[in-house]
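# Quick one: sequence and predicted model below, then my questions.
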Amino acid sequence: MVGKSTETISRIENGATLPGLTTLESFAKHLGVDVSDILARAPLEANRDAEISREQMLELVDLLSQAERKIVRGLMGLLISNRGR
């Protein structure tokens with residue numbers, strides 16, 4: 001299916017862990033949708049502890065490969081363009 005165990009998928013579904021970009025891409029391909037479709041429908045975390053600062057976000061982006069950064073830029077563009085809809 002997507003190369004993940006049922007336990008891992010269950011943990012993602014229940015919010016116990018977050019999938020990486022590669023996993024999101026696998027899910028999207030399997031479901032026949034874009035990654036942005038998955039992210040647009042993801043429930044927002046109600047817990048304020050889950051929020052991260054701009055600096056923390058930049059630190060995380062620094063860990064990504066160039067290809068992953070390109071995906072993130074595209075997703076951010078889609079999210080921004082869909083605001084207020």
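Right, received. Where do you want to start? Residues are numbered from 1 along each chain as shown.

# State the distance from Arg83 to Gly15.
Distance, Arg83 to Gly15, using C-beta to C-beta, to the nearest Å: 24 Å. Bear in mind the C-beta positions are built from the backbone N, C-alpha and C, glycine included.

# helices or strands next to the helix-or-strand element of the chain with minimal mean pLDDT in the packing?
Least confident element among the helices and strands of the chain, by mean pLDDT, DSSP states H and E: helix 35-41 (a mean of 77). Where contact means 3 or more C-beta pairs under 8 Å, 6 or more residues apart in numbering; DSSP states H and E, helix 35-41 is packed against helix 21-31, helix 66-81.

# which regions of the protein sit below the pLDDT cut-off?
Along the chain, the model assigns pLDDT under 70 to residues 1, 41-51, 84-85.

# Give me the residues contacting the least confident helix or strand of the chain.
Helix 35-41 is contacted from outside by 21, 24-25, 27-28, 31, 71, 74-75, 78-79, 82, using C-beta atoms under 8 Å, 6 or more residues apart in numbering.
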